[in-house]
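Participant: give me a 3D structure for the following:
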Amino acid sequence: MASTDTTTAEHAVKDTAEDLAGLEAGLDALDAVRVSRTPVRQVLVQKVLPPVVAIALVLVVWQILIWAKVTDDYKLPPPSQVWDEVSNAWAQGTLLDYIWTSVSRGLFGFLLALVIGTPLGLLVARVKVVRAAIGPVLSGLQSLPSVAWVPPAVLWLGLDDKMMYAVILLGAVPSIANGLVSGVDQIPPLHLRAGQTLGATGLRGTWHIVLPASLPGYLAGLKQGWAFSWRSLMAAEIIASSPDLGVGLGQLLEQGRETSSMSMVFLAILLILIVGIAIDLLIFSPLERWVLRSRGLLVKN
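Facilitator: Numbering: from 1, shown residues only. Here you go, the predicted structure:
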């Protein structure tokens, strides 16, 4: 009888071990990420073709409006006239200068806003007294139009790059800080208590627990902060004009208005739009995919 009980217990242990092994294999299969290369044709169809078709449709509708003569040519220039403006700027070597002048200012100002807004957001999120004192001010600054800061910035700092960066900071810092505050507020308290139990307190807890857990909200704040940076810069370039500032996309847009050249106005608008789309595709979209993939919300095909 004892031998039979022993044999039964051994079979039970063996079955349990097999069940656990099967469960582990199943979990491994769920966690497994396929790394096979996506066919080029599939990439072209899913990623490249839709925006190309959308642009083509816009151009077709645009040209149809020109043929239908819905308005005068000086109000709505044909696509060919805008293309001639692009070709002339390229031939003169000024096209890339327009873009680089604005992009370099925008990116540098955004990095400054990131350096200032991140610790400010952590301070507001983690210290109740600071939140009570500064939180409403940040929300109010975020809702204030960036163009409102241009006149005082010109009077305070003059017509130079410092004025541009000041306007960018005042537009972007509140968005970055509020995004981080929102991300910290959404962290489950259990995660924070678990980190404290494991000894992750102070700066260590902020680096290893708070910041990684608040990434979705923080990233949303970064995207909004870049949008505010870019819009603030365009407002500053349109309003504040000086030879010392060079010619960015905002100044190009204002030059088109002053000379009543709608082709130049359309060129500036298209370049501003293209830069905004490019920054999103090259920087923020990969960051979003990385955050989602790190949380198991996006499978890499």
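Participant: any idea how far Asp185 is from Trp83?
Facilitator: Taking C-beta to C-beta, to the nearest Å as the measure, Asp185 and Trp83 are separated by 49 Å. Yep, even glycine has a C-beta here, placed from its N, CA and C like the rest.
Participant: with Ala227 instead?
Facilitator: Distance of Ala227 to Trp83, computed by C-beta to C-beta: 28 Å.
Participant: neighbour count: those two, which is higher?
Facilitator: Higher neighbour count among Ala227 and Trp83: Ala227, with 18 against 13, using other C-beta atoms under 10 Å.
Participant: if I read this right, Tyr165 contacts Phe108, doesn't it?
Facilitator: Yes: counting by C-beta atoms under 8 Å, Tyr165 touches Phe108, with 7.2 Å between them.
Participant: so between the two, which is more surrounded?
Facilitator: A count of neighbours by other C-beta under 10 Å puts Tyr165 above the other of Tyr165 and Phe108, at 21 against 15.
Participant: so the more buried one is in which element?
Facilitator: Per DSSP states H and E, Tyr165 falls inside helix 161-185.
Participant: kindly report the same for Phe108.
Facilitator: helix 95-126.
Participant: so, low pLDDT: which residues of the chain?
Facilitator: Within the chain, the segments meeting pLDDT under 70 span 1-38, 40, 43-48, 191-192, 194-206, 208, 296-301.
Participant: grab the most central residue of it for me.
Facilitator: Residue closest to the mean C-alpha point of the chain, counted by C-alpha atoms, centre = their mean, is Lys223 at 2.9 Å.
Participant: is it true that it touches Ile283?
Facilitator: No: shown here, Lys223 and Ile283 do not form a contact pair, counting by C-beta under 8 Å, at 9.2 Å.
Participant: from Leu270, how far off is Val247?
Facilitator: From Val247 to Leu270 the distance is 16 Å (C-beta to C-beta).
Participant: who's more crowded, these two?
Facilitator: Counted by other C-beta under 10 Å, Val247 and Leu270 do not tie: Val247 has more neighbours, with 17 against 14.
Participant: got the contact list for that one?
Facilitator: When contacts are counted by C-beta atoms under 8 Å, 6 or more residues apart in numbering, Val247 touches Thr94, Asp97, Tyr98, Thr101, Gln255.
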